[in-house]
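Student: below are the sequence and a predicted model for it; my questions follow.
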Amino acid sequence: QTQRCPGGLVGTCAEGRTGIACSECLPNRTPNDDGSCGECEGGDLVIFVTISSALVIVMLCLYYRVSMYNTIRMKHEALLAVATAAQILFVMQVSAVLARLSIEWP
């Protein structure tokens with residue numbers, strides 16, 4: 001890619017890039033859309049902590065609600081709550097992976 005490896009002298013890479021064909025970012029850097037590598041920011045951690053906290057609160061509310069019913073019904077609702085939480089976590093993980101992909105169509 002010309003953005004990562006703009007040409008010129010041997011070893012000339014975009015800002016923050018290194019390696020064969022300028023394919024790697026320097027330590028503590030992350031790839032940008034323009035081909036360079038910028039400094040890592042803490043924004044991803046804030047989003048993760050916020051979503052995780054919200055998920056914990058929702059799970060605690062579900063647990064409280066389920067515990068108010070009789071034990072037979074509670075088993076089914078607890079299973080439903082756990083299955084729902086697992087699916088939400090799976091969707092979040094897949095979305096994060098897909099957001100990192102950079103696919104160029106011809």
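Tutor: Yes, it's here. Numbering: from 1, shown residues only.

Student: residue 37 pairs with what?
Tutor: With DSSP bridges applied, residue 37 shows beta-bridge pairing to residue 31.

Student: OK, contacts around it?
Tutor: Applying C-beta atoms under 8 Å, 6 or more residues apart in numbering to residue 37 gives the contacts 14-17, 25-26, 29-31. (Glycine included, C-beta is placed from N, CA and C.)

Student: output those as CSV; include the columns pLDDT, secondary structure and neighbour count.
Tutor: Listed next are the contacts of residue 37 as CSV, based on pLDDT from 0 to 100; DSSP: H, G, I helix; E, B strand; the rest coil; neighbours: other C-beta atoms under 10 Å:
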residue, pLDDT, secondary structure, neighbour count
14, 74, coil, 20
15, 72, coil, 12
16, 77, coil, 20
17, 79, strand, 22
25, 84, strand, 21
26, 83, coil, 13
29, 84, strand, 17
30, 81, strand, 13
31, 81, strand, 18
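
Student: which of these lies closest to residue 100?
Tutor: The shortest separation between residue 100 and any of those is 8.9 Å, and it belongs to residue 31 (by C-beta to C-beta).
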